[in-house]
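In: attaching a predicted model along with its sequence, questions to come.
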Amino acid sequence: MENNESVLQEIAAHFFDQSVEKVIAEMREEPINTMMFSEDCDLLANMWEEVCVQVQEDMGWAWPYYEYLVIELCEQTIRALSQPLHAALTRYVCLKYGISCQPDAISPELVVDEVRERVYAVAITYSNERIKKFVALNYPE
């Protein structure tokens, strides 16, 4: 059983790493709608940078929009999963959090939540010069 869980962890780690990279790449392709957001948003290059600022500094009034975007992109990454892979990922999340589930159970919500949390874990530490400048202007210490 220990060997099976080790293999499951490797498969899950690989999938989740790839999914996070894909979601972040998609957000980097998404421009910021400066008409909708603050004037200073033009300092940021894309939605990924705006999500990073939101996660690091202040989940402002537009946070539901960002959250929706992230969840939508996470859902896109799991839509094409084969049933056995989806079941394996569900099993991994269940084991990780001590949730009781059947070995062949499929839970898109659990898998999406895991991808989303991993995206936010990257966002909380990601920075570049544009983000630093934006934060300095909008969140002075």
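Out: Everything's here; your move.

In: separation between Cys74 and Glu114?
Out: 9 Å (Cβ to Cβ, to the nearest Å). Every C-beta, even on glycine, is put in place using the N, C-alpha and C of the backbone.

In: actually Ala88, not the one I wrote
Out: Distance from Ala88 to Glu114, by Cβ to Cβ: 12 Å.

In: same question, Phe16
Out: Distance, Phe16 to Glu114, by Cβ to Cβ: 6 Å.

In: more neighbours: which of the two?
Out: More neighbours surround Glu114 than the other of Phe16 and Glu114, with 23 against 20 (other Cβ atoms under 10 Å).

In: skipping its backbone neighbours, what lies nearest that one in space?
Out: Val93 (5.1 Å; Cβ to Cβ, 6 or more residues apart in numbering).

In: contact partners for that neighbour?
Out: Counting by Cβ atoms under 8 Å, 6 or more residues apart in numbering, Val93 touches 12, 99, 107, 110-111, 113-114.

In: cool, and Trp63?
Out: Counting by Cβ under 8 Å, 6+ apart, Trp63 touches Gln54.

In: what of Tyr120?
Out: 55, 70.

In: repeat the analysis, applying 7 Å as the threshold.
Out: By Cβ atoms under 7 Å, 6 or more residues apart in numbering, the contact set of Tyr120 is Val55.

In: equivalent analysis for Arg91, please.
Out: By Cβ under 7 Å, 6+ apart, the neighbours of Arg91 are 8, 101, 103.

In: model confidence for it, exactly?
Out: On pLDDT, Arg91 comes in at 90.
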